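[1] pasting the sequence and the predicted model now:
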Amino acid sequence: MNPDEITPHLFRTKYSKIVAVLCKTFNIQHIEIAEDIASETFLKASEYWAINGLPENPAAWLYTVAKNKAKDYFKHLKVVEKNNNGIFHTTVSEDQDIIDFEPQNISDSQLEMIFTVCHPINSQATQIGLALQILCGFSIQEIANAFLSKPETIKKRLLRGRESLRNRHFKIESLDEKDILHRLDTVLTALYLLFNEGYFSKSHHLLIRKDLCLEAIRLTLVLTEHSLTNTPKTNALLALMCFQSSRLDARVNREGETILFDEQDEAVWDQALIEKGNYYLVQAFDTDCNGVSKYHIEAAIAYWHTTADNPGKWQQILNLYNQLLSIEYSPITALNKIFVFSKVHGNEMGLIEAERLNLTDNEYYHGLLGYLYSEFNIAKAIRHFEKAIQLTQSKAEKQTLLKQISILKQKI
C-alpha cells in the first residue's frame, strides 16, 4: 500500500488509540489537546511519508511522534506555569511523563475511556455520541446518520457533553463493578452502531468498511475477556458481529458493486467466523440472561442467514423478526421483516405489507418495493428504484440500484 492508501486506514484504526492513551495519561480535561496532538501526528505522517516513503513500522512511527509531541506540549505548559507563578495549572504531575503505547495499555485505555465517556451525567444519546466520536473516530455526519438526526443538533449535543465531563474533572481510570454494570448497555450500543456503520455505511463512498467492523469486534472481544463485562448481551453482540462479518467478502464484487443476498456465493462465506459466531451465541444463551435482548435475536437471525436454504429457514427468520419488533421497533427492522415475509408468502403479499408502512421518504422502502415489483411489474419496479436513488446519499447504493434498473430494462 502507498501512503495515500495506508494513511486513512491508520487514521481510522490508530487515531482513537492515541487519543485514549493520552487522555488516560493527562486526564480527560485535556481531551481537545489529545485530539490535536493525534491530528498533528497524522498531518506530519502524510507530509513526511509522501517525501520519504513509508517507515518499516508505520504504527510505531505514529506512536513515537505522538509521544514526543505530547511530552513537548506539557513541558511547554510547565515552563509557562513556572514563568507565570503557577497561574496556569496543568494538572500534570511528574509521574505522568511516561506515555505507554504498548498493546495492553492501549486496549485498557480504550476500554477505560469508553466507560468514562459513558457517564450518566450526560444523556444516553450524548454518551453514545461521545463514544462514537472520541473512541471510534466518527464524524458529526456519521453520528447524525446513526441517530437519524441533524448534524447541527449532534454538534451542539456533543459540545455540551464534553463540557460536562471537563467541568466534573473526570479521570480515565478503572471503575468499580457498579459503575461498569450500570454503563455497559450504553457501551454495547456504541459498539453496535460502530459495527453497523462498517457493515452498511450510510456516510461513505464504500458500502462496507471492514476496518470499522474489525475495530468493533476487537473492542467487543476485549469485553468478553473481562469477568464483569463478559455478559450474555456482550456475547450475543459478538456472535452477531461474527455472523455478519462472515459474509462481508460475498457482499461486494471485484468492481466494488454490491451483491444482493440472493446472488451471494456461499463458498465465499468465512466458515471460521461462522463457527466463532456459533460459539459466542451458545455462550449468550448458556447462562441466565434475565430475558433475551435484541442482540440475542439479531444474532439468531444472522445465524439463520449463514445456513443453507431449507423449507423452514425463512419462517424461522420471520418469527425472530416478529419477536425483535416486539422488543424494539425501527423502520429498517420492519422493512427487513417484510423482505423475509415475501420469502415465506410471496412478493404480492409482501407488497401489501410494505405499502402499509408508507415510508415514502425512505430509500430502503423504495428499494424494497422495487425488489418486490421486479417479479411482475417492471415499470413500477424501475420507478421505485429511481426514487431510492434520489433519496440515498451512498454512492455504492446508487451504483447497485442503477445496476438493478439496467437489468430490468433488458427484460422489457
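    On my side now, so go ahead. Numbers count the residues shown, from 1 in each chain.

[2] could you use CA atoms for every contact and neighbour count after this?
    Fine.

[3] tell me how many other residues crowd Ile327.
    Ile327: 12 surrounding residues under other C-alpha atoms under 10 Å.

[4] who are the neighbours in contact with it?
    If you count contacts by C-alpha atoms under 8 Å, 6 or more residues apart in numbering, Ile327 has them with 293-294.

[5] where does the protein dip in pLDDT?
    Along the chain, the model assigns pLDDT under 70 to residues 1-5, 28-29, 81, 84-97, 169-175, 202-206, 256, 287-290.

[6] in it, which helix has the most residues?
    If you go by DSSP state H, the chain has its longest helix at helix 58-83.

[7] buried residues in that helix?
    With burial defined by 16 or more other C-alpha atoms under 10 Å, the residues of helix 58-83 counted as buried are 58, 62-63, 65-67, 69-71, 74, 77-78, 80.

[8] what does stretch 392-403 give?
    Within stretch 392-403, the residues that count as buried by 16+ other C-alpha under 10 Å are 392, 394-398, 400-402.

[9] between the residues you listed, which is nearest Glu35?
    In terms of C-alpha to C-alpha, no member of the buried residues of stretch 392-403 lies closer to Glu35 than Ser394, at 28.2 Å.

[10] pop out the phi and psi values for that closest one.
    Phi and psi for Ser394, reported as degrees, to the nearest 10, are phi -90, psi 120.

[11] cool, and Val252?
    Main-chain dihedrals, Val252, degrees, to the nearest 10: phi -140, psi 140.

[12] what's near enough to touch it?
    Neighbouring residues of Val252 by C-alpha under 8 Å, 6+ apart: 258-259.

[13] identify the bridge partners of it.
    Here Val252 sits in beta bridges with Thr258, as judged by DSSP bridges.

[14] packing partners for the helix or strand containing Thr116?
    Using DSSP states H and E, Thr116 sits in helix 103-117. Here helix 103-117 touches helix 3-26, helix 177-199, going by 3 or more C-alpha pairs under 8 Å, 6 or more residues apart in numbering; DSSP states H and E.

[15] centre of the chain to the host helix or strand of Glu32, how far?
    Assessed by DSSP H and E, Glu32 sits inside helix 31-52. How far helix 31-52 lies from its chain's middle: 24 Å, per C-alpha atoms, centre = their mean, to the nearest Å.

[16] which other helices and strands does it contact?
    For helix 31-52, the packing partners by 3+ C-alpha pairs under 8 Å, 6+ apart are helix 3-26, helix 58-83.

[17] buried set for that helix?
    31, 33-35, 37-39, 41-42, 45-46, 49.

[18] export that helix to CSV, keeping only CA atoms.
    Taking Å, rounded to 0.1, in the frame of the first residue of the first chain, the C-alpha atoms of helix 31-52 are listed here in CSV:
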residue,chain,number,x,y,z
ILE,A,31,-9.1,15.8,25.6
GLU,A,32,-9.0,18.5,22.9
ILE,A,33,-5.2,18.7,23.3
ALA,A,34,-5.0,14.9,22.9
GLU,A,35,-7.1,15.1,19.7
ASP,A,36,-4.9,18.0,18.4
ILE,A,37,-1.8,16.0,19.1
ALA,A,38,-3.2,13.0,17.3
SER,A,39,-4.3,15.1,14.3
GLU,A,40,-0.9,16.8,14.1
THR,A,41,0.8,13.4,14.2
PHE,A,42,-1.2,12.3,11.2
LEU,A,43,-0.5,15.6,9.4
LYS,A,44,3.2,15.1,9.9
ALA,A,45,2.9,11.5,8.7
SER,A,46,1.1,12.4,5.5
GLU,A,47,3.7,15.1,4.7
TYR,A,48,6.8,13.1,5.7
TRP,A,49,5.8,9.8,4.2
ALA,A,50,4.9,11.4,0.9
ILE,A,51,8.5,12.6,0.6
ASN,A,52,10.4,9.8,2.3
